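S.K.: can you look at this prediction? I've put the sequence above it.
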Amino acid sequence: MELRELIQRAAAGEKQAWDALVEQYRRLVGGILGKFESLSQEDKEDLSQEVWVSLLKGGLRAFRGPTDGGSTEHVFRSFLATITKHEAISYLLRHGRPFEVLVPFLWDEGDEEGSLESRLVDPSLGPEGRAAWKERLERLRLCVQALSLEDQEIFWMEARGWFHKEIMRELGLRSGTVAVKYHRAKKKIKECLKKAGIL
């Protein structure tokens with residue numbers, strides 16, 4: 001069954017299609033939530049359920065698919081990744097842990113839903129508070145930009161939920177190289193954030 005038909009049937013309430021969709025993409029959801037190292041396993045399981053509940057309650061019906069003749073698979077992965085990261089972001093912000101969401105999701109700048117600042121900077125902070133947040137976000141961007149271009153690309157692909165084998169094929173890298181480069185990039189970013197006084 002093609003993915004577009006599977007999504008349509010799942011959105012219509014067909015249990016077999018829904019179960020197949022969950023089975024096909026549960027690793028993607030789990031992989032994205034797994035990047036939040038401070039979340040407990042119980043937190044991740046609860047958030048995973050929230051993602052699927054969100055889809056079941058109308059998220060799937062809101063999915064429009066590619067508009068420019070692109071791949072349904074690619075667009076749906078991005079759609080599902082966005083829902084997953086928003087569930088995680090909301091959870092962390094509700095529990096007063098904002099900085100844990102910033103680094104993995106800096107790519108949101110310039111997306112169709114609005115900038116990262118507009119969604120993470122609390123408007124009730126006042127001008128000085130908002131300015132301080134934006135300054136921290138800019139420091140985070142500079143830390144990422146200090147990486148080599150290849151390491152930046154690997155970092156963003158990991159943050160978007162790509163698997164190592166997919167990144168390896170896309171960038172033409174050897175087996176094992178992706179994991180090494182990602183962990184090296186992550187370490188450099190953390191060191192940079194510490195020097196900037198953010199971590």
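M.R.: Yep, it's here.

S.K.: ranges for the strands of this protein?
M.R.: Under the criterion DSSP state E, the chain carries no strands.

S.K.: quick one: the helices in it?
M.R.: 3-11, 15-33, 41-54, 60-62, 72-94, 99-102, 116-120, 126-145, 149-159, 164-171, 177-195 (DSSP state H).

S.K.: could you give the angle of the longest one to helix 164-171?
M.R.: Just to be clear, that refers to helix 72-94. 120 degrees (axes from the mean of the first three to the mean of the last three Cα atoms, to 10 degrees).

S.K.: quick one: mean pLDDT for helix 72-94?
M.R.: Mean per-residue pLDDT for helix 72-94: 82.

S.K.: could you dump the helices of the chain into a markdown table with mean neighbour count added?
M.R.: For the C-beta atoms, the positions are set from N, CA and C on the backbone; glycine is no exception. Shown next, in a markdown table, are those (neighbours: other Cβ atoms under 10 Å):
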| stretch | mean neighbour count |
| --- | --- |
| helix 3-11 | 18 |
| helix 15-33 | 16 |
| helix 41-54 | 16 |
| helix 60-62 | 16 |
| helix 72-94 | 18 |
| helix 99-102 | 18 |
| helix 116-120 | 16 |
| helix 126-145 | 14 |
| helix 149-159 | 18 |
| helix 164-171 | 14 |
| helix 177-195 | 16 |
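
S.K.: any idea how far residue 10 is from residue 179?
M.R.: Residue 10 sits 33 Å away from residue 179, going by Cβ to Cβ, to the nearest Å.

S.K.: can you give me the domain assignment for this protein?
M.R.: Annotated domains of the chain cover 1-97, 99-199 [automatic domain parsing].
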